[in-house]
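Peer 1: Predicted model and sequence follow; I will ask about them next.
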Amino acid sequence: MSTVATKKQSTWKRLPKGPNGGIELLLIQSVDHLGKQGDVVEVRPGFANNYLIPQGLATIATEHHKRMVEKHRAKLIEIEKSRLAGLKAIADLLNRQSVTIEANANDEGHLYGSVGAPEIVSALKQQNFTVTPDQVRLQGPLKELGLYTVKIHLHGDIDAELKVWVVPTVSEDN
């Protein structure tokens, strides 16, 4: 009885290689530290297969896609400008905004826990601002009562500064 090894057929098509050995993709949306919408970039296969393509941020850079982008580049620029204008408007609103977060603290003003990005995001959500925790740029967790200025990173070069008040929790047993 002999065993015969059979070669399995791959059910998915390999992505085309670029000149440097990576995968050539066309960006559907701008990606920080990679490129702008409509750019042709070359990335590693894992980044393409596991992040960019499944998230809908990029597609395979075929000649047809490249021609379509060139044809519609003016429209893409207008769309990107309007998106950036919207983000700048949100940044202006956030610059004028402040949030108050209650936290348990001792008599010296040191918090028993800390205030981090998730607490700031939930406080902003109560004021109808939608940001993600990775857009909140803290130097470290806030561990004392007081007023802090926190950066909110909205886009490549659009940041907002938000005033965050950390106040003691009001107890009802006065």
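Peer 2: Noted; the coordinates are in hand. Numbering: from 1, shown residues only.
Peer 1: drop to CA atoms for contacts and neighbour counts, all remaining ones
Peer 2: Will do.
Peer 1: other SSEs contacting the helix ranked longest in the chain?
Peer 2: When the chain is parsed with DSSP state H, its longest helix is helix 73-95. Counting contacts by 3 or more CA pairs under 8 Å, 6 or more residues apart in numbering; DSSP states H and E, helix 73-95 packs against strand 146-155, strand 158-168.
Peer 1: And stretch 56-66, what's buried?
Peer 2: Within stretch 56-66, the residues that count as buried by 16 or more other CA atoms under 10 Å are 57, 58, 59, 60, 61, 65, 66.
Peer 1: Can you pull the domain assignment for the protein?
Peer 2: Residue ranges for the domains of the chain, per automatic domain parsing: 23-71, 89-168.
Peer 1: Help me confirm that residue 118 comes into contact with residue 135.
Peer 2: No: using CA atoms under 8 Å, residue 118 makes no contact with residue 135, being 10.6 Å away.
Peer 1: Quick one: residues contacting residue 98.
Peer 2: By CA atoms under 8 Å, 6 or more residues apart in numbering, residue 98 lies in contact with 162, 163, 164, 165.
Peer 1: Count the neighbours of the first one for me.
Peer 2: Applying other CA atoms under 10 Å, we find 22 residues neighbouring residue 162.
Peer 1: going forward can the numbers begin at 629, since that is how I track them
Peer 2: Done: numbering now begins at 629, and the last item shifts to residue 790.
Peer 1: Wait, it touches residue 777, no?
Peer 2: Yes: between residue 790 and residue 777 there is a contact at 5.6 Å, judged by CA under 8 Å.
Peer 1: which stretches of the protein form helices?
Peer 2: 673-675, 691-699, 701-723, 745-754.
Peer 1: which of those helices has the lowest average pLDDT?
Peer 2: Least confident of these, judged by mean pLDDT, is helix 691-699 with a mean of 84.
Peer 1: So which residues make contact with that one?
Peer 2: Looking at what lies outside helix 691-699 - CA under 8 Å, 6+ apart - the contacts are 654, 666.
Peer 1: now that helix against helix 701-723, angle please.
Peer 2: Angle, helix 691-699 to helix 701-723, by axes from the mean of the first three to the mean of the last three CA atoms, to 10 degrees: 70 degrees.
Peer 1: residues in contact with the closest residue to residue 684 other than its chain neighbours?
Peer 2: Counting by CA to CA, 6 or more residues apart in numbering, the nearest residue to residue 684 once its immediate chain neighbours are dropped is residue 656, at 7.2 Å. Going by CA under 8 Å, 6+ apart, residue 656 touches 665, 666, 684, 685, 686, 687.
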